[in-house]
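Colleague: Show me the folded form of this:
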Amino acid sequence: MNKSVVVNQTGDPEVLTFQEWPVDAPGPGQVRIRHTAIGLNFIDTYQRSGLYPTNLPFVAGNEGAGIVTGLGPDVTGFSVGQRVCYQGQIGAYAEERLVAADRLVPIPDDIDDRTAASVMLKGLTAYYLLFKTWPVQKGETILWHAAAGGTGLIATQWAKSLGATVIGTAGGQEKVALALAHGCDHGIDYRAEAFAPKVRELTGGRGVDVVYDGVGKDTFEASLDCLRPRGLLVSFGNASGVVSIPDLTVLSKKGSLFVTRPTGGHYLGRREDLLEGADALFAAIRSGAIKIDAGQSFALADAAKAHRALEGRQTTGSVVLIP
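Modeller: Okay, here's the model as predicted:
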């Protein structure tokens, strides 16, 4: 019987239950896969806690890699035994599962399963943020919050390869050092100093062109103070809580600023966009522009422990669960 990590009620990590969960034969448009590695992401914690409402009960997780074990009657382009990966499809914390065929991406021969599982959601997030939400240009300066996190370590390397000057924030000197080793030109320990004045100092008072903020409530207002006039704040996560702007005139007062809240569903919803992003991501890994840090892992049965570590800022880079 297939074992999965199930959320029967929302709450703290303890609500994650490792239990039997049936998997049907694949129907039209579906592929059955056996996971070899599963990615851990903050969105998993949002769904588990109820911040992002999800119909109960559900199998947690949104990203994984594995081997095709069955094909729906109308599925073409895939074969049993093929290595595949995906992101943005809830139900990943499982030994086996069904996935819509049009959301699967073949894993190239030179990319291992653990890397694929740890990079799809975070790497494709970095892709659409850097290439689509604000197409980063050579000579621009960006600020990336949580630069030592899974998405941050990928994105800052990628942005540096595009010719940007990259400023990263992180909590503690060890994480700042990690960020500096992965593409950041400047690192700021937000626990030791206010980041907005430091960003102004580093940019000669001008401010950055764009701020990428996956932290949310704790960093949002000060991030606006880091932007140049008509700069963009990209709010793409809520690790510290949900952001709100009760008075939009604050954007005019701080420089006719722009704010956006992008999601992968809107940027990667078409299969052609998904494949374009995956191709760019794998090419960046292959070229060495991005080096993936997937050194931390937990057993699938220990998903609650993994969530506590992630929410407690005890992880760096990408973390995977192993069935």
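
Colleague: Please count neighbours and contacts with C-alpha atoms only from this point.
Modeller: Noted.

Colleague: Report the buried residues of stretch 303-317.
Modeller: For stretch 303-317, a neighbour-count test (16 or more other C-alpha atoms under 10 Å) marks 303-304, 306-308, 310, 315-317 as buried.

Colleague: Please state the offset of that stretch from the chain centre?
Modeller: Centroid displacement of stretch 303-317 relative to its chain, using C-alpha atoms, centre = their mean, to the nearest Å, is 14 Å.

Colleague: do stretch 216-228 as well
Modeller: Put simply, stretch 216-228 sits 20 Å off its chain's centre (C-alpha atoms, centre = their mean).

Colleague: what sits up against that stretch?
Modeller: With contact meaning C-alpha atoms under 8 Å, 6 or more residues apart in numbering, stretch 216-228 is reached by 195-197, 199-200, 206-211, 213, 233, 235-244, 251, 254-255, 257.

Colleague: got the end-to-end distance for that stretch?
Modeller: One end of stretch 216-228 sits 20 Å from the other (C-alpha to C-alpha, to the nearest Å).

Colleague: do the same with stretch 163-182
Modeller: 14 Å.

Colleague: Kindly report the same for stretch 208-218.
Modeller: The straight-line separation of the ends of stretch 208-218 (C-alpha to C-alpha) is 19 Å.

Colleague: Distance of Leu40 relative to Val59?
Modeller: Note on Leu40: its distance to Val59, by C-alpha to C-alpha, is 13 Å.

Colleague: still on that earlier bit, and the contacts of stretch 216-228, which of them are buried?
Modeller: 195-196, 199-200, 207-211, 213, 233, 235-239, 243, 251, 254, 257.

Colleague: Looking at the residues you listed, which are in strands?
Modeller: Within these, residues falling in strands by DSSP state E are 208-211, 213, 233, 235.

Colleague: Out of the residues you listed, the closest to Asp185 would be?
Modeller: Val208 (13.2 Å; C-alpha to C-alpha).

Colleague: Now do the contacts for that closest one.
Modeller: Contacts of Val208 (C-alpha under 8 Å, 6+ apart): 140-143, 199, 226-228, 231.

Colleague: What pLDDT does the model give Thr249?
Modeller: Model confidence at Thr249, expressed as pLDDT, equals 95.

Colleague: State the number of residues packed around it.
Modeller: Thr249 has 11 neighbouring residues, counting by other C-alpha atoms under 10 Å.

Colleague: What values do phi and psi take at it?
Modeller: In terms of degrees, to the nearest 10, the main-chain angles of Thr249 are phi -70, psi -20.

Colleague: picking up where we left off before, which one of Leu40 and Val59 has more residues nearby?
Modeller: Legend: neighbour count by other C-alpha under 10 Å for Leu40 and Val59, higher for Leu40 (31 against 23).

Colleague: Quick check: the gap between the more buried one and Ala306.
Modeller: Leu40 is 8 Å from Ala306, where distance means C-alpha to C-alpha.

Colleague: Regarding stretch 1-17, how distant is the last residue from the first?
Modeller: 15 Å.

Colleague: could you give me the average pLDDT of that stretch?
Modeller: The average pLDDT within stretch 1-17 is 96.

Colleague: Also stretch 128-144?
Modeller: 98.

Colleague: Was I right to think Phe18 contacts Lys3?
Modeller: Yes - contact criterion C-alpha atoms under 8 Å: Phe18 and Lys3 qualify, at 6.7 Å.

Colleague: Using PDB, write down the CA coordinates of stretch 247-267.
Modeller: Extracted in PDB, the C-alpha atoms of stretch 247-267 (Å, rounded to 0.1, in the frame of the first residue of the first chain):
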ATOM      1  CA  ASP A 247      -2.900  53.200   1.900                       C
ATOM      2  CA  LEU A 248      -1.800  53.000  -1.800                       C
ATOM      3  CA  THR A 249      -0.500  56.600  -1.600                       C
ATOM      4  CA  VAL A 250       2.500  55.200   0.200                       C
ATOM      5  CA  LEU A 251       3.700  54.100  -3.300                       C
ATOM      6  CA  SER A 252       3.600  57.600  -4.700                       C
ATOM      7  CA  LYS A 253       5.200  59.100  -1.600                       C
ATOM      8  CA  LYS A 254       8.200  56.700  -1.900                       C
ATOM      9  CA  GLY A 255       8.800  57.300  -5.600                       C
ATOM     10  CA  SER A 256       5.900  56.200  -7.800                       C
ATOM     11  CA  LEU A 257       6.700  52.600  -7.000                       C
ATOM     12  CA  PHE A 258       5.300  49.400  -8.500                       C
ATOM     13  CA  VAL A 259       4.300  46.300  -6.500                       C
ATOM     14  CA  THR A 260       3.300  42.900  -7.900                       C
ATOM     15  CA  ARG A 261       2.300  39.600  -6.400                       C
ATOM     16  CA  PRO A 262       3.200  36.900  -9.100                       C
ATOM     17  CA  THR A 263       2.500  33.200  -8.900                       C
ATOM     18  CA  GLY A 264       3.800  30.300 -10.900                       C
ATOM     19  CA  GLY A 265       0.300  29.300 -11.900                       C
ATOM     20  CA  HIS A 266       0.000  32.500 -14.000                       C
ATOM     21  CA  TYR A 267       3.600  32.400 -15.400                       C
END
